[in-house]
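1. coords please:
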Amino acid sequence: MWLCFSEKMCVRNAFVLVLLSVSSRAQLDANSMHEYSNISENLGMASNFEPTPGLPHIQERPVKYAGIPQNLTVSILPLQGSDNELQFNVSWSPSLGRAAKEYSVEILSEKNTPYCTSPVCYRNPIPGNSTWVLIPETVSQIVDEDCPLYPGCSYIVILNAHPWDGNTNLTRRLDLEDCVAGVCSCAHSRYLPAPDVTTNIVMSKEGDMFTNIIWTLPKPSEPQWLLPAKLRKQSYVVSLNKQIVLNKIDSAWFKLIYKRTVEIDGLVSEGDTTRSLLLPLSKRETSDTPKPPSAKILATVQLVDDRGCIGPYGNETAFEPEKPTENNLAFGVYVTLVALGALLGALAMGAVFVVSARIAKRVLKSLRPAPVCAPLEPLKRRPTWFPFQLRTYPLSWKHNGVKLVPKGGETFEDRPLKSAEII
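-> Okay, the predicted model is just below:
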(Lines give C-alpha, C1' and ligand atoms only; values in the text may rest on other atoms or scores of the structure.)
Protein backbone atom coordinates (compact mmCIF):
# COMPACT_ATOMS: atom_id res chain seq x y z
CA MET A 1 0.00 0.00 0.00
CA TRP A 2 1.30 3.41 -0.96
CA LEU A 3 0.82 6.28 1.52
CA CYS A 4 0.41 9.75 0.05
CA PHE A 5 0.92 12.85 2.27
CA SER A 6 0.62 15.24 -0.65
CA GLU A 7 -0.51 15.36 -4.26
CA LYS A 8 3.07 15.49 -5.65
CA MET A 9 4.10 12.50 -3.59
CA CYS A 10 1.17 10.41 -4.94
CA VAL A 11 2.07 11.20 -8.55
CA ARG A 12 5.72 10.28 -7.96
CA ASN A 13 4.79 6.97 -6.33
CA ALA A 14 2.48 6.03 -9.20
CA PHE A 15 5.23 6.75 -11.74
CA VAL A 16 7.72 4.57 -9.86
CA LEU A 17 5.17 1.73 -9.74
CA VAL A 18 4.70 1.80 -13.55
CA LEU A 19 8.46 1.70 -14.14
CA LEU A 20 8.86 -1.33 -11.84
CA SER A 21 6.07 -3.25 -13.66
CA VAL A 22 7.57 -2.66 -17.09
CA SER A 23 11.04 -3.75 -16.02
CA SER A 24 9.70 -6.94 -14.40
CA ARG A 25 7.82 -7.87 -17.58
CA ALA A 26 10.86 -7.34 -19.76
CA GLN A 27 13.01 -9.52 -17.50
CA LEU A 28 10.37 -12.29 -17.58
CA ASP A 29 10.24 -12.30 -21.39
CA ALA A 30 14.04 -12.53 -21.58
CA ASN A 31 14.12 -15.53 -19.24
CA SER A 32 11.38 -17.26 -21.29
CA MET A 33 13.27 -16.79 -24.55
CA HIS A 34 16.42 -18.17 -22.94
CA GLU A 35 14.58 -21.29 -21.72
CA TYR A 36 12.95 -21.80 -25.14
CA SER A 37 16.32 -21.63 -26.85
CA ASN A 38 17.66 -24.25 -24.44
CA ILE A 39 14.74 -26.57 -25.21
CA SER A 40 15.22 -26.11 -28.94
CA GLU A 41 18.86 -26.96 -28.65
CA ASN A 42 18.06 -30.11 -26.64
CA LEU A 43 15.53 -31.26 -29.27
CA GLY A 44 17.96 -30.80 -32.14
CA MET A 45 16.33 -27.71 -33.64
CA ALA A 46 19.56 -25.72 -33.61
CA SER A 47 21.72 -25.70 -36.71
CA ASN A 48 24.71 -27.17 -34.90
CA PHE A 49 22.73 -30.20 -33.60
CA GLU A 50 24.61 -33.49 -33.59
CA PRO A 51 22.40 -36.69 -33.54
CA THR A 52 22.90 -39.29 -30.86
CA PRO A 53 24.98 -42.25 -32.05
CA GLY A 54 22.80 -45.27 -32.98
CA LEU A 55 19.61 -43.17 -33.34
CA PRO A 56 19.40 -41.70 -36.86
CA HIS A 57 17.67 -38.35 -37.23
CA ILE A 58 14.24 -38.23 -38.90
CA GLN A 59 15.73 -36.35 -41.81
CA GLU A 60 18.16 -39.22 -42.33
CA ARG A 61 15.29 -41.82 -42.50
CA PRO A 62 13.09 -40.80 -45.47
CA VAL A 63 10.38 -43.24 -46.71
CA LYS A 64 11.85 -45.36 -49.49
CA TYR A 65 8.95 -46.18 -51.82
CA ALA A 66 9.05 -49.28 -53.98
CA GLY A 67 9.56 -48.93 -57.69
CA ILE A 68 6.73 -49.40 -60.16
CA PRO A 69 6.42 -53.00 -61.47
CA GLN A 70 6.72 -53.68 -65.18
CA ASN A 71 4.83 -55.67 -67.83
CA LEU A 72 1.41 -56.10 -66.20
CA THR A 73 -0.52 -58.81 -68.06
CA VAL A 74 -3.87 -60.51 -67.38
CA SER A 75 -4.71 -63.98 -68.69
CA ILE A 76 -8.38 -65.13 -68.74
CA LEU A 77 -9.10 -68.65 -67.48
CA PRO A 78 -12.31 -70.58 -66.77
CA LEU A 79 -12.96 -70.88 -63.03
CA GLN A 80 -12.86 -74.50 -61.92
CA GLY A 81 -16.21 -75.68 -60.50
CA SER A 82 -18.27 -72.98 -62.21
CA ASP A 83 -20.17 -72.93 -65.52
CA ASN A 84 -20.08 -69.21 -66.29
CA GLU A 85 -17.42 -67.54 -64.09
CA LEU A 86 -13.88 -66.54 -65.03
CA GLN A 87 -10.55 -66.42 -63.25
CA PHE A 88 -7.85 -63.77 -63.86
CA ASN A 89 -4.18 -64.75 -63.83
CA VAL A 90 -2.51 -61.40 -63.04
CA SER A 91 1.27 -61.41 -63.65
CA TRP A 92 4.01 -58.73 -63.69
CA SER A 93 7.75 -58.20 -63.70
CA PRO A 94 9.63 -56.75 -60.70
CA SER A 95 10.57 -53.10 -60.72
CA LEU A 96 13.91 -51.98 -62.09
CA GLY A 97 14.23 -49.66 -59.10
CA ARG A 98 13.77 -50.39 -55.42
CA ALA A 99 12.26 -53.83 -54.74
CA ALA A 100 8.78 -54.08 -53.25
CA LYS A 101 8.17 -55.61 -49.85
CA GLU A 102 4.68 -56.73 -50.87
CA TYR A 103 2.02 -56.19 -53.53
CA SER A 104 -1.75 -55.70 -53.66
CA VAL A 105 -4.17 -56.21 -56.58
CA GLU A 106 -7.59 -54.60 -57.08
CA ILE A 107 -10.16 -55.48 -59.75
CA LEU A 108 -12.97 -52.96 -60.32
CA SER A 109 -16.12 -53.57 -62.40
CA GLU A 110 -16.74 -50.87 -65.02
CA LYS A 111 -20.21 -51.91 -66.22
CA ASN A 112 -23.05 -50.82 -63.96
CA THR A 113 -25.50 -53.58 -64.94
CA PRO A 114 -27.26 -56.14 -62.71
CA TYR A 115 -25.16 -58.92 -64.20
CA CYS A 116 -21.75 -57.20 -64.13
CA THR A 117 -21.96 -55.13 -60.93
CA SER A 118 -19.95 -56.73 -58.13
CA PRO A 119 -17.85 -55.70 -55.10
CA VAL A 120 -14.17 -54.87 -55.50
CA CYS A 121 -11.90 -57.91 -55.79
CA TYR A 122 -8.92 -57.20 -53.50
CA ARG A 123 -5.92 -59.33 -52.69
CA ASN A 124 -3.44 -58.17 -50.05
CA PRO A 125 -0.76 -58.84 -48.97
CA ILE A 126 1.02 -60.62 -51.79
CA PRO A 127 4.68 -61.48 -50.94
CA GLY A 128 7.30 -59.23 -52.52
CA ASN A 129 8.99 -62.12 -54.32
CA SER A 130 5.75 -63.09 -56.14
CA THR A 131 5.17 -62.24 -59.79
CA TRP A 132 1.61 -63.58 -60.29
CA VAL A 133 -1.70 -64.20 -58.50
CA LEU A 134 -5.04 -65.88 -59.33
CA ILE A 135 -8.27 -63.95 -58.65
CA PRO A 136 -10.73 -65.27 -57.54
CA GLU A 137 -9.59 -68.56 -56.08
CA THR A 138 -12.99 -70.19 -55.43
CA VAL A 139 -16.50 -70.13 -56.90
CA SER A 140 -18.60 -67.25 -55.59
CA GLN A 141 -21.40 -67.85 -53.13
CA ILE A 142 -24.50 -65.78 -52.35
CA VAL A 143 -22.71 -63.33 -50.03
CA ASP A 144 -21.79 -59.67 -50.36
CA GLU A 145 -18.03 -60.26 -50.08
CA ASP A 146 -17.81 -62.37 -53.26
CA CYS A 147 -16.66 -60.75 -56.52
CA PRO A 148 -17.53 -63.00 -59.47
CA LEU A 149 -15.93 -62.21 -62.84
CA TYR A 150 -18.17 -62.77 -65.88
CA PRO A 151 -17.74 -62.64 -69.67
CA GLY A 152 -19.27 -59.66 -71.41
CA CYS A 153 -18.20 -57.25 -68.62
CA SER A 154 -15.44 -54.62 -68.32
CA TYR A 155 -12.85 -54.56 -65.54
CA ILE A 156 -9.87 -52.46 -64.43
CA VAL A 157 -6.92 -54.30 -62.85
CA ILE A 158 -4.73 -52.20 -60.50
CA LEU A 159 -1.34 -53.40 -59.20
CA ASN A 160 0.28 -51.56 -56.25
CA ALA A 161 3.81 -52.11 -54.95
CA HIS A 162 4.38 -51.43 -51.24
CA PRO A 163 5.60 -49.20 -49.67
CA TRP A 164 3.24 -47.26 -51.92
CA ASP A 165 3.30 -43.49 -52.33
CA GLY A 166 -0.47 -43.41 -52.98
CA ASN A 167 -0.10 -42.00 -56.49
CA THR A 168 1.83 -44.35 -58.75
CA ASN A 169 0.54 -47.78 -59.75
CA LEU A 170 0.15 -50.03 -62.75
CA THR A 171 -3.30 -50.46 -64.34
CA ARG A 172 -4.85 -52.49 -67.16
CA ARG A 173 -8.40 -52.25 -68.59
CA LEU A 174 -10.18 -55.34 -69.91
CA ASP A 175 -13.31 -55.33 -72.12
CA LEU A 176 -14.40 -58.96 -72.30
CA GLU A 177 -16.40 -60.53 -75.12
CA ASP A 178 -19.58 -62.53 -74.51
CA CYS A 179 -17.60 -65.75 -74.82
CA VAL A 180 -14.05 -65.93 -73.42
CA ALA A 181 -11.90 -69.01 -72.75
CA GLY A 182 -14.81 -71.32 -73.51
CA VAL A 183 -17.10 -69.53 -71.01
CA CYS A 184 -20.02 -67.43 -72.26
CA SER A 185 -22.01 -64.67 -70.62
CA CYS A 186 -25.33 -65.50 -68.93
CA ALA A 187 -26.63 -61.95 -68.74
CA HIS A 188 -29.62 -63.09 -70.83
CA SER A 189 -30.62 -65.95 -68.47
CA ARG A 190 -33.38 -63.91 -66.82
CA TYR A 191 -35.07 -63.53 -70.21
CA LEU A 192 -35.23 -67.28 -70.95
CA PRO A 193 -38.80 -68.69 -70.99
CA ALA A 194 -40.06 -70.50 -67.87
CA PRO A 195 -41.74 -73.91 -68.46
CA ASP A 196 -45.45 -74.40 -67.71
CA VAL A 197 -45.65 -77.27 -65.19
CA THR A 198 -48.51 -79.54 -64.08
CA THR A 199 -48.44 -82.66 -61.88
CA ASN A 200 -50.66 -85.61 -60.97
CA ILE A 201 -50.37 -88.51 -58.51
CA VAL A 202 -49.92 -92.07 -59.80
CA MET A 203 -50.32 -95.15 -57.53
CA SER A 204 -48.68 -98.49 -58.30
CA LYS A 205 -50.16 -101.93 -57.56
CA GLU A 206 -47.84 -102.30 -54.58
CA GLY A 207 -49.11 -99.03 -53.10
CA ASP A 208 -46.13 -96.86 -54.05
CA MET A 209 -46.88 -93.23 -54.80
CA PHE A 210 -45.40 -91.41 -57.82
CA THR A 211 -45.82 -87.95 -59.27
CA ASN A 212 -46.04 -87.47 -63.01
CA ILE A 213 -44.45 -84.10 -63.88
CA ILE A 214 -45.70 -82.67 -67.18
CA TRP A 215 -44.36 -79.46 -68.75
CA THR A 216 -44.24 -77.49 -71.97
CA LEU A 217 -41.85 -74.68 -72.98
CA PRO A 218 -43.54 -71.60 -74.45
CA LYS A 219 -41.84 -69.27 -76.89
CA PRO A 220 -39.91 -66.36 -75.34
CA SER A 221 -42.18 -63.47 -74.41
CA GLU A 222 -39.29 -60.97 -74.24
CA PRO A 223 -37.98 -59.17 -77.33
CA GLN A 224 -35.63 -61.29 -79.40
CA TRP A 225 -32.76 -58.81 -79.14
CA LEU A 226 -32.51 -59.55 -75.41
CA LEU A 227 -31.40 -63.12 -76.23
CA PRO A 228 -28.28 -64.13 -78.18
CA ALA A 229 -28.89 -64.96 -81.80
CA LYS A 230 -29.61 -68.63 -82.59
CA LEU A 231 -29.56 -69.61 -78.92
CA ARG A 232 -30.24 -73.34 -78.57
CA LYS A 233 -31.75 -75.53 -75.88
CA GLN A 234 -29.48 -78.02 -74.13
CA SER A 235 -31.48 -79.69 -71.32
CA TYR A 236 -34.14 -79.41 -68.64
CA VAL A 237 -33.40 -79.68 -64.93
CA VAL A 238 -36.35 -81.42 -63.20
CA SER A 239 -36.38 -81.58 -59.39
CA LEU A 240 -38.57 -82.41 -56.41
CA ASN A 241 -38.18 -80.27 -53.31
CA LYS A 242 -39.50 -80.94 -49.81
CA GLN A 243 -40.73 -78.09 -47.65
CA ILE A 244 -38.77 -77.87 -44.40
CA VAL A 245 -39.45 -74.38 -43.00
CA LEU A 246 -42.40 -72.00 -43.20
CA ASN A 247 -41.61 -68.64 -41.64
CA LYS A 248 -43.92 -65.87 -40.43
CA ILE A 249 -44.09 -64.09 -43.79
CA ASP A 250 -45.39 -67.22 -45.53
CA SER A 251 -42.14 -67.84 -47.40
CA ALA A 252 -41.20 -71.53 -47.45
CA TRP A 253 -37.76 -73.13 -47.62
CA PHE A 254 -37.41 -76.34 -49.61
CA LYS A 255 -34.82 -79.11 -49.57
CA LEU A 256 -33.83 -80.87 -52.79
CA ILE A 257 -34.72 -84.57 -52.70
CA TYR A 258 -34.66 -85.59 -56.41
CA LYS A 259 -32.95 -84.05 -59.44
CA ARG A 260 -32.99 -85.32 -63.01
CA THR A 261 -31.65 -83.95 -66.32
CA VAL A 262 -33.57 -84.38 -69.57
CA GLU A 263 -31.48 -83.77 -72.70
CA ILE A 264 -33.13 -81.84 -75.55
CA ASP A 265 -32.20 -79.91 -78.70
CA GLY A 266 -33.59 -77.10 -80.82
CA LEU A 267 -33.76 -73.31 -80.83
CA VAL A 268 -35.00 -71.51 -77.74
CA SER A 269 -37.12 -69.23 -79.91
CA GLU A 270 -39.19 -72.21 -81.12
CA GLY A 271 -40.35 -73.36 -77.68
CA ASP A 272 -40.93 -77.08 -77.06
CA THR A 273 -43.62 -79.74 -77.07
CA THR A 274 -45.10 -81.45 -73.99
CA ARG A 275 -42.74 -83.64 -72.00
CA SER A 276 -43.15 -85.67 -68.80
CA LEU A 277 -41.13 -87.44 -66.12
CA LEU A 278 -42.22 -89.88 -63.40
CA LEU A 279 -40.56 -89.49 -59.97
CA PRO A 280 -41.27 -91.38 -56.70
CA LEU A 281 -42.97 -89.70 -53.76
CA SER A 282 -43.38 -92.47 -51.15
CA LYS A 283 -40.57 -94.29 -49.31
CA ARG A 284 -40.20 -97.82 -48.02
CA GLU A 285 -38.25 -97.93 -44.77
CA THR A 286 -38.38 -100.81 -42.26
CA SER A 287 -41.84 -102.05 -43.22
CA ASP A 288 -43.15 -103.12 -46.58
CA THR A 289 -45.92 -100.53 -46.47
CA PRO A 290 -44.96 -97.37 -48.39
CA LYS A 291 -45.25 -94.12 -46.48
CA PRO A 292 -46.47 -90.95 -48.18
CA PRO A 293 -44.52 -87.71 -47.66
CA SER A 294 -45.11 -85.82 -44.43
CA ALA A 295 -44.64 -82.35 -45.96
CA LYS A 296 -45.42 -80.38 -49.07
CA ILE A 297 -43.54 -81.46 -52.23
CA LEU A 298 -42.82 -78.91 -54.97
CA ALA A 299 -41.92 -79.91 -58.54
CA THR A 300 -39.73 -77.48 -60.53
CA VAL A 301 -38.49 -77.43 -64.15
CA GLN A 302 -35.77 -75.12 -65.56
CA LEU A 303 -34.38 -74.65 -69.07
CA VAL A 304 -30.61 -74.82 -69.69
CA ASP A 305 -29.34 -73.32 -72.95
CA ASP A 306 -26.25 -74.29 -74.94
CA ARG A 307 -24.15 -71.74 -73.02
CA GLY A 308 -24.88 -73.54 -69.77
CA CYS A 309 -27.09 -70.70 -68.50
CA ILE A 310 -30.12 -71.66 -66.39
CA GLY A 311 -33.40 -69.82 -66.88
CA PRO A 312 -36.23 -69.11 -64.43
CA TYR A 313 -38.09 -72.11 -63.10
CA GLY A 314 -41.67 -73.19 -63.48
CA ASN A 315 -43.16 -74.96 -60.47
CA GLU A 316 -46.23 -76.82 -59.33
CA THR A 317 -47.20 -78.51 -56.04
CA ALA A 318 -46.73 -82.26 -56.52
CA PHE A 319 -48.06 -83.38 -53.13
CA GLU A 320 -49.55 -81.73 -50.07
CA PRO A 321 -50.49 -83.55 -46.83
CA GLU A 322 -54.16 -83.66 -45.94
CA LYS A 323 -55.32 -80.86 -43.72
CA PRO A 324 -58.67 -80.48 -41.99
CA THR A 325 -61.01 -78.62 -44.33
CA GLU A 326 -63.12 -75.71 -43.22
CA ASN A 327 -66.33 -77.79 -43.40
CA ASN A 328 -64.89 -80.53 -41.20
CA LEU A 329 -63.58 -77.96 -38.78
CA ALA A 330 -66.96 -76.19 -38.66
CA PHE A 331 -68.78 -79.49 -38.09
CA GLY A 332 -66.44 -80.43 -35.24
CA VAL A 333 -66.98 -77.05 -33.60
CA TYR A 334 -70.74 -77.44 -34.04
CA VAL A 335 -70.78 -80.88 -32.36
CA THR A 336 -68.67 -79.58 -29.49
CA LEU A 337 -70.97 -76.63 -28.93
CA VAL A 338 -74.08 -78.83 -29.02
CA ALA A 339 -72.64 -81.25 -26.44
CA LEU A 340 -71.60 -78.37 -24.21
CA GLY A 341 -75.06 -76.79 -24.52
CA ALA A 342 -76.78 -80.07 -23.61
CA LEU A 343 -74.58 -80.46 -20.53
CA LEU A 344 -75.25 -76.92 -19.38
CA GLY A 345 -79.00 -77.41 -20.00
CA ALA A 346 -79.06 -80.57 -17.87
CA LEU A 347 -77.24 -78.80 -15.04
CA ALA A 348 -79.65 -75.88 -15.23
CA MET A 349 -82.71 -78.18 -15.14
CA GLY A 350 -81.35 -80.02 -12.09
CA ALA A 351 -80.75 -76.75 -10.29
CA VAL A 352 -84.28 -75.55 -11.10
CA PHE A 353 -85.77 -78.82 -9.83
CA VAL A 354 -83.92 -78.60 -6.51
CA VAL A 355 -84.88 -74.97 -5.95
CA SER A 356 -88.52 -75.62 -6.92
CA ALA A 357 -88.78 -78.50 -4.46
CA ARG A 358 -87.46 -76.36 -1.62
CA ILE A 359 -89.82 -73.50 -2.47
CA ALA A 360 -92.83 -75.83 -2.68
CA LYS A 361 -91.97 -77.36 0.67
CA ARG A 362 -91.79 -73.97 2.31
CA VAL A 363 -95.09 -72.82 0.76
CA LEU A 364 -96.94 -75.96 1.89
CA LYS A 365 -95.49 -75.61 5.37
CA SER A 366 -96.65 -72.00 5.55
CA LEU A 367 -100.22 -72.98 4.45
CA ARG A 368 -100.54 -75.83 6.96
CA PRO A 369 -102.74 -74.81 10.07
CA ALA A 370 -101.13 -74.75 13.49
CA PRO A 371 -101.96 -77.87 15.66
CA VAL A 372 -104.56 -77.37 18.50
CA CYS A 373 -104.10 -79.19 21.80
CA ALA A 374 -107.13 -81.44 22.84
CA PRO A 375 -108.57 -81.08 26.42
CA LEU A 376 -107.12 -83.47 28.97
CA GLU A 377 -109.34 -86.27 30.17
CA PRO A 378 -109.24 -87.41 33.84
CA LEU A 379 -106.76 -90.13 34.32
CA LYS A 380 -107.82 -93.40 35.84
CA ARG A 381 -105.56 -95.57 37.84
CA ARG A 382 -106.27 -98.48 35.57
CA PRO A 383 -108.83 -99.68 33.10
CA THR A 384 -111.87 -101.35 34.52
CA TRP A 385 -111.21 -104.46 32.55
CA PHE A 386 -107.63 -104.79 33.96
CA PRO A 387 -107.65 -107.17 37.01
CA PHE A 388 -106.55 -105.67 40.32
CA GLN A 389 -103.15 -106.83 41.54
CA LEU A 390 -101.32 -105.85 44.67
CA ARG A 391 -97.84 -104.41 44.10
CA THR A 392 -95.20 -105.01 46.69
CA TYR A 393 -92.30 -102.62 47.25
CA PRO A 394 -89.10 -103.13 49.17
CA LEU A 395 -88.91 -101.76 52.69
CA SER A 396 -86.14 -99.43 51.60
CA TRP A 397 -84.41 -98.29 48.41
CA LYS A 398 -81.63 -96.08 47.38
CA HIS A 399 -81.98 -92.78 45.58
CA ASN A 400 -78.80 -91.14 44.34
CA GLY A 401 -76.70 -93.25 46.69
CA VAL A 402 -78.90 -92.40 49.74
CA LYS A 403 -80.93 -95.09 51.50
CA LEU A 404 -84.61 -94.23 51.82
CA VAL A 405 -87.33 -95.94 54.00
CA PRO A 406 -91.00 -95.20 54.45
CA LYS A 407 -92.05 -93.06 57.34
CA GLY A 408 -92.99 -95.03 60.48
CA GLY A 409 -91.81 -98.31 58.99
CA GLU A 410 -95.06 -98.80 57.11
CA THR A 411 -95.26 -100.83 54.01
CA PHE A 412 -96.49 -99.56 50.71
CA GLU A 413 -99.37 -101.97 50.74
CA ASP A 414 -100.87 -100.31 53.84
CA ARG A 415 -100.97 -96.73 52.47
CA PRO A 416 -100.48 -94.75 49.35
CA LEU A 417 -96.98 -93.92 48.25
CA LYS A 418 -95.80 -90.67 49.82
CA SER A 419 -92.57 -88.81 50.04
CA ALA A 420 -89.85 -90.64 51.83
CA GLU A 421 -87.58 -89.37 54.52
CA ILE A 422 -83.85 -89.69 54.84
CA ILE A 423 -82.80 -91.75 57.86
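
2. for the nearest residue to Leu86 once chain neighbours are set aside, give me its contacts.
-> Ranked by C-beta to C-beta, 6 or more residues apart in numbering and with sequence neighbours excluded, the top spatial neighbour of Leu86 is Leu149, at 4.4 Å. For every residue, glycine as well, the C-beta is placed using N, CA and C. By C-beta atoms under 8 Å, 6 or more residues apart in numbering, the contact list for Leu149 reads Leu79, Glu85, Leu86, Gln87, Phe88, Ile107, Ser118, Cys121, Ile135, Pro136, Tyr155.

3. tell me if I'm right that the third one and Cys179 touch.
-> In this case it means Leu86. No - at 10.9 Å, Leu86 does not count as touching Cys179 under the criterion of C-beta atoms under 8 Å.

4. so those two - more neighbours on which side?
-> Leu86 (21 against 13; other C-beta atoms under 10 Å).

5. for the more buried one, give the beta-bridge partners.
-> Under DSSP bridges, the beta-bridge partners of Leu86 are Pro78.

6. for the helix ranked longest in the chain, packing partners?
-> Longest helix of the chain, by residue count under DSSP state H: helix 326-367. Using 3 or more C-beta pairs under 8 Å, 6 or more residues apart in numbering; DSSP states H and E as the contact criterion, helix 326-367 has no neighbours among helices and strands.

7. and that helix, what's its mean pLDDT?
-> The predicted model assigns helix 326-367 a mean pLDDT of 78.

8. how about low-confidence regions in the protein?
-> Residues of the chain meeting the criterion pLDDT under 70: 1-61, 142-145, 246-252, 283-291, 322-332, 370-423.

9. how does it divide into domains?
-> 70-184, 189-319, 386-423 (automatic domain parsing).

10. tell me which residues of the one helix or strand Ser239 maps to come out buried.
-> Per DSSP states H and E: Ser239 is located in strand 233-246. For strand 233-246, a neighbour-count test (16 or more other C-beta atoms under 10 Å) marks Lys233, Gln234, Ser235, Tyr236, Val237, Val238, Ser239, Leu240, Asn241, Lys242, Gln243 as buried.

11. so which of the domains of the chain gets nearest Ala346?
-> Smallest distance to Ala346 across the domains of the chain (C-beta to C-beta): 42.4 Å, for domain 189-319.

12. what about the closest one, start to end distance?
-> Taking C-alpha to C-alpha, to the nearest Å, the first and last residues of domain 189-319 lie 29 Å apart.

13. what pairs with the residue nearest to Thr117 when sequence neighbours are not counted across the strands?
-> Closest residue to Thr117 apart from its sequence neighbours, by C-beta to C-beta, 6+ apart: Ser109 at 5.9 Å. On the basis of DSSP bridges, Ser109 takes part in beta bridges with Tyr155.

14. need the helices for the chain, in chain order.
-> All helices of the chain, identified by DSSP H, fall at 7-42, 326-367.

15. if we can go back for a sec, let me know whether the residue nearest to Thr117 touches Tyr155 as I believe.
-> Yes - here Ser109 lies in contact with Tyr155, judged by C-beta under 8 Å, at a distance of 6.0 Å.

16. who has more neighbours out of these two?
-> Counted by other C-beta under 10 Å, Ser109 and Tyr155 do not tie: Tyr155 has more neighbours, with 23 against 20.

17. quick one: the more buried one from Lys230, how far?
-> Plainly put, Tyr155 is 28 Å away from Lys230 if you go by C-beta to C-beta, to the nearest Å.

18. returning to what we had before: and the residue nearest to Leu86, how far from Val105?
-> For Leu149, the distance to Val105 - C-beta to C-beta - is 13 Å.

19. which ones are touching Lys64?
-> For Lys64, the contacting residues are Arg98, Pro163, by C-beta under 8 Å, 6+ apart.

20. let me fix that: Ala318
-> When contacts are counted by C-beta under 8 Å, 6+ apart, Ala318 touches Thr199, Ile201, Thr211, Ile213, Leu240, Leu281, Ile297, Leu298, Ala299.
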